[in-house]
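Participant: A predicted structure for the sequence below; I have some questions about it.
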Amino acid sequence: MNDVPKAQGVATTGRRGLVGKLVRSHMAVAALGVAVLVLSLATQFWLHVHARRLTELRQPTLRATDRVAMGLQRSLASLRAWILLGDSAYQRARNSAWRDDIDPAMQDLRRLSAQWEDQTDVRQLNDIHQKLRDLHERQWWIENVAHELGNNPSRQLQSERLEPLAKELDEAIDFLIATGADAPSDPQVLRIQLMLRELRGGLARMRFLVDRFMLSPGRRDRERLEETWSELVRNTHELRRREGMLDPPQRETLAWFESQLNRLHVVSLEVLQLRRRDDWSQASYELSTFAAPLAQRIANQLDELAVSQTQRLKRDAETVKWLCLISVAGGCCGIVLMVAASIALAVRNSSRIAGPLRNLSRATQQLSEGRLAGDLPVESDDEVGALVRAFNEMRRQLARADRTRKQQEEELAAFAEETSAINEALNDALGRAETAKQAKDRFLAGMSHELRTPLTAILGFAEMLEDDHLVGDESGREAARTIRRNGEHLLILINDILDLSKIEAGKMQMERIDCSPREIARDVIDLLNGRAAGKGLHLDFEVAGELPSLVLTDPTRLRQILLNLVGNAVKFTEAGSVRLRTSFPNGRSSDLLLFEVIDTGIGISPEQQQRLFQSFSQADSSTTRKFGGTGLGLAISLRLAEMMGGGITVSSTPGQGSTFTVSLRAEPSEGAVYVAEQPADVERGAAPPPRRNAPSLAGLRMLLVEDGPDNRRLISLILRKAGAEVDLADDGQLGYNAVMEATGEARPYDVVLMDMQMPNVDGYQATRMLRAAGYDRPILALTANAMLGESQKCVAAGCDDYAAKPIDREKLLKQIAGLVDHNRAVATSRP
Amino acid sequence: MFANNRLAVATLFGGLVASYICSASDEATSDERRDEAYLRVQRLRAEIDLLRVEMGCERAKPLPLHFANASRHDVHYQVRILVEKLQRLAEEWGQEVVPAPNDDLYDAQQRELSPLLDAAQRRVESLKAAVGVEHVSPPAPHVTGEHVAGEQVTEDELFEAVVAANRQINRLFDAAFAPRDVYRQVTVCVAYASSLLAPFPSATRIPPEPAFEHAKRPTDVFRRLLECYDILHGTCARRRISILEIRAEGPIDSVAPSEVYDLAGLLASQLARLDGLVNHQPTTRCWYTPGRKLPSHVFQRVGLLERQLLELDAHVDDNPQWPNLRLQLP
């Protein structure tokens, strides 16, 4: 963004710029929002204040007030229960009421009272506090006295003073009775005894009356007590009048008795008085007289306090309600106002800002459609104005560019026309080249066929002449050998030329099948052993290190390379030895397969080595003259080795020998085993293999379909010599007819030998017709077309195997025998 | 035992109320009366000793306590106790119950000892008659070891004379003072202490009682009461309030409940005086006679009193204006 140049002298920043306009627009909307928010916030603040006062002052105050009141009632109830039942659990309950309810709640109230507005409530609370302390103390005293002796003064007086005194009086009477019992017959003494007993009875009656009064105060009891006491006094006086009959101790005792009677009377009356007055226990009295009224006053004050606080709570709640309403209504109004103002501001500002942009957009559209002829007017001094200026400049530049483009398009059209003509010419040339190439291919194929077909006859008949002693004298057989040798040379030459042609034409295709490198090497040694032995050379085969039993490569081409190199070595070595050594130098970690052909021949100079692998080139012209050859072998071998992922190198010392090293990429087959050198691998100067006899075809019926009369004669001769019964057909249709006819006569042919290149119905068509007609016996294809793919083509047509022309007699007979054996085995295994 | 508890309590506190209602007499009159009172007390002591001899009781050993700084209030209070004890003894001897003088007026501040001494004299006469020595006069009162002849009698000497008389009487009772009497006296102290704590809004007037401890002896109670006295004395000393000084002289190995009762009475008198200073009105609590109590119960109650005095001490510390200003709730 910083790289964007300022629009030609126009200030793009500052208050007049687009940014300034946008900022002002947004700030206006934001200011409105802030104003609404401030109002809302103020309302919320007041709402918060009142709500907090409700939750943190009013409600806790009321709760604490209730708690004090409840604690108060609980303490009173516990105290009453304690007075009545004397169970210490109620003492604990009363203490708990103060400790857990009243005191904490009062502390809360006093803390909260700091926030109360009304000082009357505060004073009320202080008064309540003081009263509560008094009540607390008074309750303690009541609780203390409730089950003490002092709780009932009348009973206390009775037990502490009346009863001991009555007992002493009883004992005094007992003493008087006991001391006067010595003369019971004296009537005076008897009278005194009776009076004493009446005194004791009166005494007992007084105690009984006091006891009964203690249990249930009655009005008559006091009168009876007075009567009893008066009687006691009378009897005592009566006794005092008769005290002359008493001895001094009795008189003293009686005097004491009389003095204590008054005391007994006073104490008894005091007990009765206390009992009547103290009808209830001191604790109950204290409770009902002081504690309960005080508690009631406190409760009333708490009620007043609660009422006052409740009214304030209601007022606060009302305020909160109104503030909520105001907040909601104000918020809604604010939102509506803000939205409306925002829309108005947005529309106004957007029209001011977006108007020029809309014009610019429209102009851009027109410009893209090519309808804009002139510049846009610059209406503002901001970034949009700068944009319009830039747009105008761009429009002018586009116009210039458009003109340039049209000019270039015209030039391009002319160039295209020219190029089109060239292309047409090139296509024609390419067509012609393709036609020429196809013609060349056809020529090569035809050449192969046409050259091999006569060679088949030549080599075949020459071999027959040589082997079957059809020629009587030696000179004739020598002539046959010469024909065969030159024929074979010609065949090699043809094959080499064809191979080279195929390689250069890119038609050479490599197979990639499982094969044994050891077997291929041994085959080569076996094949050339005879020739080496003929020159007195030692032909050795050696395996260095471990060699996989099977590798993936093209066995035919490998054999061709080795035959060429070993053949050359044998050819150019006059004495000594030729050794073929094979190895897998990198072991199991690589797929590099090496073959070294080491000879002790004439050697090759470095200059010769440089052109050694050129086509039609040998070490020197004298070599050709001396050793013959086309000079294509090494070139073909090198090309083949390169196509197999490797190459051929040579090291040589003239006069001492040469070493040709073939390297190939041959991946070990799956399941291949690595085998070290075996005794059979080392062969030195082995004798040429004995010529094997050709297999017999005696008893077999065969049909030979061949259009060439020479080959027809040669092959039929070979077959008949092998013992077979041979019928002949000139073309495919005749062959088909013959097979059908023989099959219809239940004398089917055991084998059909079918030439594949025939006029009219060729071998491919005839084979397909036979297989379609149900002929299921072997058909052996005969073809002079050595091009790759021929074998597959024959098999695809229905042939079981094929034999390439020129015909190798032995190989042909073996192929036929093998086919027949296989067919018989299959027929036997059929159910 | 009192014939009427309310009567006894009213007697006890009536004097206290009166003690600060009336203003003090002039010093000369006071000294003159003190000498006279001293002679009367000594005469009473002689009469009581005559009774002791007639009743065949042993002479009481002096309390192992040293007193100092006695006030007229203290003397008045002790004379009242003397009257109470004589009343109790008279009751034992079957004498009529006679109300104490100034039953409704607490005369501690008035410092009028004569009515009380008259009442005491009447009871002694009555007892002499009951014992049968009404015609026997004791030896003329003489100045004993507490007072140096020829000098003015001090308040301390008068006080010690009354205390000695009180102590002599203890030996004459058939039913000696029991722990419940001490308990009641300590409860009186508790009431005064509660009243003293009342002006402090945050004070707990009646703290929780300490746990009950078994097998306590009167000696333990006596020691604890002395500790209470020390606390109170310390509190008053910080506020320059003069109260009676009580100090143990020698080890306190064995004391009788009556001696504990006397000490509790001394403490009650000091608390009553302070209550009058602070609250300007008598404490009108309903006193009660407890049932049978063990020294352990008394020890527990003295523990409660100790807590009250400690609480008072703490609050007095926090309020320098005590006892002159009446504290108000905030």
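Facilitator: Perfect, thanks for sending it. All values derive from a computational prediction rather than experimental measurement.

Participant: where exactly do the helices run in the stretch 651-800 of chain A?
Facilitator: Ranges of helices in the stretch 651-800 of chain A, per DSSP state H, counting those that start in this stretch, are A:709-721, A:732-744, A:763-773, A:790-797.

Participant: Check which residues of the last one are buried.
Facilitator: The reference is to helix A:790-797. Of the residues in helix A:790-797, A:790-791, A:793-794, A:797 count as buried by neighbour count, 16 or more other CB atoms under 10 Å in any protein chain shown. For glycine as for every other residue, the C-beta is placed from the backbone atoms N, C-alpha and C.

Participant: Just the residues contacting stretch A:741-755, thanks.
Facilitator: For stretch A:741-755, contacts defined as CB atoms under 8 Å, 6 or more residues apart in numbering or on different chains pick out A:700-708, A:711, A:715, A:719, A:727, A:732, A:735, A:738-739, A:763, A:766-767, A:770, A:775, A:777-783, A:799, A:816, A:819-820, A:823.

Participant: what's the first-to-last distance across it?
Facilitator: 19 Å (CA to CA, to the nearest Å).

Participant: and if you look at stretch A:711-730?
Facilitator: By CA to CA, one end of stretch A:711-730 lies 11 Å from the other end.

Participant: quick one: the strands in the stretch 151-300 of chain B?
Facilitator: Along the stretch 151-300 of chain B, counting by DSSP state E, counting those that start in this stretch, strands occupy B:245-248.

Participant: So which residues on it come close to chain A?
Facilitator: Neighbours of chain A within the stretch 151-300 of chain B, by CB under 8 Å from any CB of the partner chain: B:187, B:191, B:194, B:198, B:201, B:205-206, B:208, B:285-291.

Participant: quick one: A:Leu387 and A:Leu360 touch, right?
Facilitator: Yes - between A:Leu387 and A:Leu360 there is a contact under CB atoms under 8 Å: 6.3 Å.

Participant: Counting neighbours, go ahead and name the busier of the two.
Facilitator: A:Leu387 (21 against 18; other CB atoms under 10 Å in any protein chain shown).

Participant: Low-confidence regions, the stretch 51-200 of chain A specifically.
Facilitator: Applying pLDDT under 70 to the stretch 51-200 of chain A picks out residues A:180-185.

Participant: Just the CA trace of stretch A:264-279, in PDB.
Facilitator: Presented in PDB, the C-alpha positions along stretch A:264-279 are these (Å, rounded to 0.1, in the frame of the first residue of the first chain):
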ATOM      1  CA  LEU A 264     -43.100 -22.800 116.000                       C
ATOM      2  CA  HIS A 265     -46.200 -20.800 115.600                       C
ATOM      3  CA  VAL A 266     -44.400 -17.800 113.900                       C
ATOM      4  CA  VAL A 267     -42.400 -20.000 111.500                       C
ATOM      5  CA  SER A 268     -45.500 -22.100 110.600                       C
ATOM      6  CA  LEU A 269     -47.500 -18.900 109.800                       C
ATOM      7  CA  GLU A 270     -44.500 -17.600 107.800                       C
ATOM      8  CA  VAL A 271     -44.400 -20.800 105.800                       C
ATOM      9  CA  LEU A 272     -48.100 -20.500 105.100                       C
ATOM     10  CA  GLN A 273     -47.800 -16.900 104.200                       C
ATOM     11  CA  LEU A 274     -44.900 -17.600 101.800                       C
ATOM     12  CA  ARG A 275     -46.700 -20.500 100.300                       C
ATOM     13  CA  ARG A 276     -49.800 -18.500  99.600                       C
ATOM     14  CA  ARG A 277     -47.800 -15.600  98.300                       C
ATOM     15  CA  ASP A 278     -45.300 -17.700  96.400                       C
ATOM     16  CA  ASP A 279     -47.800 -19.800  94.600                       C
END
